[in-house]
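Novice: sequence and predicted structure, then a few things I'm wondering about:
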Amino acid sequence: MHTYTPRIFSIPSLDGISEKSIVDHIGLYEGYVKNFNTISQKLSEYAREDSEKHAHALSELIRRRSFEFDGMRLHELYFEQFEGGASQLTDTDSLAETLKREYQGYFEQYFKSIALMRGPGWALLYYDPVAKELLAGFAGEQHQGHFATLPIILALDVWEHAFLLDHGAQGKKAYVDAFFKNLNWGVIEKRFSTVVNI
């Protein structure tokens with residue numbers, strides 16, 4: 001059984017997202033890693049002992065395991081988007097060309113509207129290699145509503161913990177604006193180029 005180790009991120013000073021918020025948020029991410037490892041170990045123990053006797057516990061742990069795993073992986077995508085500092089897409093980037101073709105210049109507005117939906121979760125941009133197009137969606141909490149099998153190109157955490165410290169309970173919009181200001185689009189372009197060329 002594989003044991004995961006929390007990744008270390010090199011995040012510069014961000015505009016509108018404080019260092020304290022990032023430190024607290026990374027602590028939450030580290031909790032997902034720890035919980036996934038713990039649940040995986042416990043599942044292995046229960047299955048070896050007596051899966052029928054532990055059926056109720058096993059079913060709850062299996063449900064929780066995907067929640068913890070998605071929390072781990074989505075946060076890794078999220079934090080690495082800030083590494084290296086903010087950078088914009090250029091018109092010649094393949095992702096910029098695709099966004100322009102598919103969204104006719106309103107991608108950011110559209111994606112922000114997904115992020116501002118009520119409820120905790122993630123605004124996510126995927127690439128569908130079958131249709132050869134981008135799909136934007138919302139994953140409730142972090143384990144419901146995914147486009148199964150599609151690689152994620154852009155991940156925006158819109159749980160309250162991402163913005164409460166800096167912007168208060170009503171500050172989701174200010175946080176989403178700050179998120180876009182601080183994005184390193186080079187990271188996102190690299191993800192896109194990788195999956196387009198598979």
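Specialist: Structure's in. What do you need?

Novice: list the contacts for residue 171?
Specialist: Taking C-beta atoms under 8 Å, 6 or more residues apart in numbering, we find residue 171 in contact with 163-164. Where you see a C-beta, it was placed from the backbone N, CA and C, and this is true even at glycine.

Novice: again, but for the one 10 residues further on
Specialist: The neighbourhood of residue 181, defined by C-beta under 8 Å, 6+ apart, consists of 15-16, 86.

Novice: ok, residue 124 - contacts?
Specialist: Counted by C-beta under 8 Å, 6+ apart, residue 124 has contacts 74, 136-139, 146, 152, 154-156.

Novice: low-confidence ranges in the chain?
Specialist: The model of the chain has pLDDT under 70 over residues 50-51, 54, 198.

Novice: can I see the domain layout of it?
Specialist: 19-80, 94-196 (automatic domain parsing).

Novice: so is residue 17 in a helix, a strand, or just coil?
Specialist: At residue 17, secondary structure determined by DSSP: H, G, I helix; E, B strand; the rest coil is coil.

Novice: that older thread, what would the contacts of residue 124 look like in JSON lines with distance to residue 173, neighbour count and secondary structure?
Specialist: Listed next are those as JSON lines, based on distance: C-beta to C-beta, whole Å; neighbours: other C-beta atoms under 10 Å; DSSP: H, G, I helix; E, B strand; the rest coil:
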{"residue": "74", "distance to residue 173": "21", "neighbour count": "23", "secondary structure": "helix"}
{"residue": "136", "distance to residue 173": "18", "neighbour count": "19", "secondary structure": "strand"}
{"residue": "137", "distance to residue 173": "20", "neighbour count": "16", "secondary structure": "strand"}
{"residue": "138", "distance to residue 173": "16", "neighbour count": "17", "secondary structure": "strand"}
{"residue": "139", "distance to residue 173": "20", "neighbour count": "20", "secondary structure": "strand"}
{"residue": "146", "distance to residue 173": "25", "neighbour count": "18", "secondary structure": "coil"}
{"residue": "152", "distance to residue 173": "23", "neighbour count": "20", "secondary structure": "strand"}
{"residue": "154", "distance to residue 173": "18", "neighbour count": "23", "secondary structure": "strand"}
{"residue": "155", "distance to residue 173": "18", "neighbour count": "23", "secondary structure": "strand"}
{"residue": "156", "distance to residue 173": "13", "neighbour count": "24", "secondary structure": "strand"}
